[in-house]
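Undergrad: next come a sequence and a model predicted from it.
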Amino acid sequence: MSQSTRENAKPDPFGTALPTLDTERLRLRHPRPEDVDALLAVFSDERTMRYWGGEPIEDLDDARRYRQGIDDGFAARHLFQWAITEQGADRLIGTVTLYRWDRVNRRAEIGFILAPDHWGRGIASEAVGAVLAFGFAEMDLHRVEADVDPDNERSRRLVERFGFRDEGMLRERWFLRGRWADSVIYGLLRRDFRHVAPGGDS
Ligand SMILES: CC(C)(COP(=O)(O)OP(=O)(O)OC[C@H]1O[C@@H](n2cnc3c(N)ncnc32)[C@H](O)[C@@H]1OP(=O)(O)O)[C@@H](O)C(=O)NCCC(=O)NCCS
């Protein structure tokens with residue numbers, strides 16, 4: 001690795017817990033041990049798991065391990081996985097994630113999941129907008145990627161709203177729940193980031 005490449009990676013200002021991010025309707029915060037019931041509910045629902053690139057959470061023990069993994073992943077700086085909560089209600093209703101942080105090349109991947117009762121309200125977009133703004137401003141990202149199942153229309157609409165571009169399809173990239181799934185790889189460069197205001201498309 002060349003010296004100039006090395007110098008791309010800046011020191012890390014983050015501590016032991018994810019910073020809390022407030023938006024108009026939401027509070028994004030570090031997931032806590034008491035969130036395990038809500039994590040199980042969100043990550044075991046067949047509607048949220050339909051295109052998800054991982055296994056469902058099976059039971060409370062599994063949820064506890066998953067929650068611990070969020071702490072461990074953050075400590076290692078591989079995973080920034082915020083709980084999505086509504087302002088004034090502390091219950092976890094989904095998560096929004098930056099992961100595979102590559103500090104030298106200043107990129108990360110984004111993921112998001114929301115309890116189906118809350119779909120169609122712009123909640124996931126509001127959370128993703130806040131995390132993208134954080135990633136570009138505080139983590140100094142240059143590029144964010146999303147790996148989306150081509151049939152996952154809601155996710156595709158969500159990322160495209162922020163200026164993510166479809167950069168091509170990788171065939172049969174995942175073997176999930178008995179079938180091969182393709183991936184559309186989306187990329188968003190910092191200079192193309194459009195922050196979508198709630199209720200608007202620009
Ligand atoms: C992907 C997922 C988070 C999208 O949820 P969502 O509620 O559709 O996403 P958004 O927050 O962007 O909401 C957009 C919808 O809210 C509507 N909306 C209402 N008020 C809004 C507001 N203030 N701002 C923006 N959109 C608003 C939009 O019109 C749009 O509805 P439409 O899709 O019927 O046109 C959700 O479907 C999910 O959890 N899926 C399972 C997990 C998953 O597949 N994750 C992605 C893996 S890559």
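TA: Cool, got the structure.
Undergrad: from now on I want contacts and neighbour counts done on CA atoms only, so please keep to that.
TA: OK.
Undergrad: end to end, how far does stretch 46-56 reach?
TA: One end of stretch 46-56 to the other measures 8 Å (C-alpha to C-alpha, to the nearest Å).
Undergrad: and that stretch, average pLDDT?
TA: The average pLDDT for stretch 46-56 rounds to 94.
Undergrad: with stretch 19-28 instead?
TA: 98.
Undergrad: who does the longest strand anywhere in the chain pair up with?
TA: Criterion DSSP state E: the longest strand present in the chain is strand 89-102. Strands adjacent to strand 89-102 in the sheet, as given by DSSP bridges, are strand 79-86 (antiparallel), strand 107-114 (antiparallel).
Undergrad: is any part of stretch 38-52 close to the ligand?
TA: Yes - contact check for stretch 38-52 against the ligand, using C-alpha under 6 Å from any ligand atom: residues in range are Thr48, Tyr51, Trp52.
Undergrad: any idea how far Arg154 is from the last one?
TA: This means Trp52. Taking C-alpha to C-alpha, one finds Trp52 at 13 Å from Arg154.
Undergrad: ditto for the second one
TA: Going from Tyr51 to Arg154 by C-alpha to C-alpha gives 11 Å.
Undergrad: and for the first one?
TA: For Thr48, the distance to Arg154 (C-alpha to C-alpha) stands at 11 Å.
Undergrad: who has more neighbours, those two?
TA: Thr48 (17 against 10; other C-alpha atoms under 10 Å).
Undergrad: give the contact list for Arg77.
TA: Contacts for Arg77 (C-alpha atoms under 8 Å, 6 or more residues apart in numbering) come out as Trp101.
Undergrad: is it true that it lies in a strand?
TA: No - assigned with DSSP: H, G, I helix; E, B strand; the rest coil, Arg77 falls outside any strand and is coil.
Undergrad: how much space is there between it and Leu114?
TA: 23 Å.
Undergrad: and what of Gln87?
TA: Taking C-alpha to C-alpha, one finds Gln87 at 16 Å from Leu114.
Undergrad: more neighbours, the two?
TA: Neighbours around Gln87 and Leu114, counted as other C-alpha under 10 Å, are more numerous at Leu114. The numbers are 19 against 14.
Undergrad: surely that one and Glu86 touch.
TA: No - taking contacts as C-alpha atoms under 8 Å, Leu114 lies outside contact range of Glu86: 11.9 Å.
Undergrad: what segments of the protein are strands?
TA: 21-22, 26-29, 79-86, 89-102, 107-114, 143-148, 165-176, 179-189.
Undergrad: distance to the ligand added to those, as a markdown table?
TA: Output for these, formatted as a markdown table (distance: least, C-alpha to the nearest ligand atom, whole Å):
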| stretch | distance to the ligand |
| --- | --- |
| strand 21-22 | 15 |
| strand 26-29 | 12 |
| strand 79-86 | 11 |
| strand 89-102 | 7 |
| strand 107-114 | 4 |
| strand 143-148 | 4 |
| strand 165-176 | 13 |
| strand 179-189 | 9 |
